[in-house]
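>>> The following comprises the amino acid sequence and a computationally predicted model.
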Amino acid sequence: MNRASRILWPALLAMAIAACSGGKQPPARHQGAAPPLASLVVRPDEAPNRQVWDGTVEAVNAAVLTAQTDARVMELPHDVNDVVPEGAVLVRFSNVEQKSAARAAQAQIASARASYVNAEANFKRLAAIYPQGYVSKADYDQALAQRNAARGALEAAQAQWSQAGQAEKYTVVRAPYAGVVTKRYVQVGEAVTGPPFAQQLIGIASLKDLRVEVKVPQSVAEAIRRSGTAEVQYDGGRERLKASKVTVFPYADPATHTFSVRLDLSGEHAGLYPGMTVKVAFATGEAKQLLVPLSALVERGELQGVYVIDGDHVTLRQLRTGDVSGDRIQVLAGLDGGERIATDPGAAARWLIAQRHEEAR
């Protein structure tokens, strides 16, 4: 609603209430020519026939991080609602046991390497003189087996060290992507367990990529699939976003017989957060509709109306409106095709008040 209409509304409230009750308010009569107001005649026009359902905003990237090692929580740098960059430390565990295991694995590697070097040297000595017949076939085979066993032990020790090093890395849990912390499942000082019964640690969701999921009746699923267009409405309908992609799931819920529809959102979507409920408008065809410009609409709370011009009469008429299509809004009741409305509600309000004052004199 423009500023002039907000200022003049208290003076017109009585007329608006009369319109709400369904009665016709006494029209203001201007003696002589028609009111000098910008106006247009409203007529039914072809417009998208849209149906609206409630949908839920979801994060495309959302995860609950779990413990990958047995440890005790030492630090939780972030709390719920904190925005964190990719790679930020979310949980830090005690790592005494993991470091000890890593050092033990390193010592095992040193021992296994020494055994392997000795077995390799012994095998090379025997292999050099075996062709001359100075050693038996049994001694040669035994040296070869010892060399191979020492090599296997060294490889096993190296694998154990790699596993211990990975367990030490698991004592620091980092954000897999930039996002917001959605939930904390543990507290500082709490002992956690890793696989196979991995304990939940912290939830994170990315606000960069969002989508909306909505359930629609099976009667309109095919029309939505053919149209492939949808609009997300939130903040009381003041904010609107077109879906970059509309996906109708290829199966229905056997209990409710509804289809799930997923809407991908691209670009900026300030004010949208995972878990929010929004309105989703789907185009299901075209139909004749009575549309008026949004700029001609007078709004006060739940009340909406337009100034109707009939000859030298001007009245404030309450409307029941529907969906918004571009810069126009659908009129469901309160106005008929062929009627003339003022396109500048501020000017119409000033003219109407001036006529009331003139009549009062």
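Received it, and whenever you're ready, just let me know what you need.
>>> Spatially nearest residue to the residue nearest the centre of the chain, not counting backbone neighbours?
The centroid of the chain falls nearest to residue 210 when counting by Cα atoms, centre = their mean (2.9 Å). Using Cβ to Cβ, 6 or more residues apart in numbering and skipping the chain neighbours, the partner closest in space to residue 210 is residue 265 (5.0 Å). C-beta: built from backbone N, CA, C; applies to glycine.
>>> check contacts around the one you found.
Residues in contact with residue 265 (Cβ atoms under 8 Å, 6 or more residues apart in numbering) are 209, 210, 211, 212, 232, 241, 243, 244, 272.
>>> What distance do you get for it to residue 211?
Counting by Cβ to Cβ, to the nearest Å, the gap between residue 265 and residue 211 amounts to 6 Å.
>>> Please apply the same query to residue 44.
36 Å.
>>> Among the two, which residue is more densely surrounded?
residue 211 (20 against 14; other Cβ atoms under 10 Å).
>>> which neighbours does the helix or strand harbouring that one have in its sheet, and in what orientation?
Secondary structure assignment for residue 211, by DSSP states H and E: strand 210-217. Using DSSP bridges, the strands paired with strand 210-217 are strand 44-59 (antiparallel), strand 258-264 (antiparallel).
>>> I'd like the next helix or strand past the last one.
Meaning strand 258-264. Assigned by DSSP H and E, the successor of strand 258-264 is strand 277-293.
>>> what about residue 162, which SS state?
What DSSP: H, G, I helix; E, B strand; the rest coil gives for residue 162 is helix.
>>> Return the per-residue confidence for it.
The model reports residue 162 with a pLDDT of 77.
>>> so how far is residue 101 from it?
Taking Cβ to Cβ as the measure, residue 162 falls 12 Å from residue 101.
>>> Residue 128: neighbour count?
Neighbours of residue 128 (other Cβ under 10 Å): 11.
>>> What of the one 5 residues further on?
Around residue 133 there are 8 other residues, counting by other Cβ under 10 Å.
>>> again with residue 360
6.
>>> Compute the distance between it and residue 310, please.
Counting by Cβ to Cβ, the gap from residue 360 to residue 310 is 22 Å.
>>> show me where the stretch 101-250 of the chain has strands.
Under the criterion DSSP state E, counting those that start in this stretch, the stretch 101-250 of the chain carries strands at the ranges 172-174, 179-184, 191-192, 200-205, 210-217, 230-234, 239-242, 245-252.
>>> pLDDT weak spots in the stretch 251-361 of the chain?
Applying pLDDT under 70 to the stretch 251-361 of the chain flags residues 268, 285-286, 325-326.
>>> Residue 260 and residue 78: what is the separation?
Look at residue 260 and residue 78: by Cβ to Cβ, they are 33 Å apart.
>>> try residue 66
Distance from residue 66 to residue 78, by Cβ to Cβ: 17 Å.
>>> Residue 242 now?
Distance from residue 242 to residue 78, by Cβ to Cβ: 34 Å.
>>> which of these two has more neighbours?
Per other Cβ under 10 Å, whichever of residue 242 and residue 78 has more neighbours is residue 78, with 18 against 13.
>>> residues contacting the more buried one?
Each residue near residue 78 by Cβ under 8 Å, 6+ apart is listed here: 84, 88, 90, 181, 202.
>>> Could you find the closest non-adjacent residue to the first one?
Meaning residue 84. residue 175 is the one closest to residue 84 (Cβ to Cβ, 6+ apart), at 5.0 Å.
>>> from what I can see the one you found touches residue 90, true?
Yes. Between residue 175 and residue 90 there is a contact under Cβ atoms under 8 Å: 5.7 Å.
>>> got any residues that touch both of these two?
Counting by Cβ under 8 Å, 6+ apart, the shared contacts of residue 175 and residue 90 are 84, 204.
>>> Look at these two and report which has more neighbours.
Between residue 175 and residue 90, counting by other Cβ under 10 Å, residue 90 is the more crowded of the two (23 against 20).
>>> Fine by me, we can end here.
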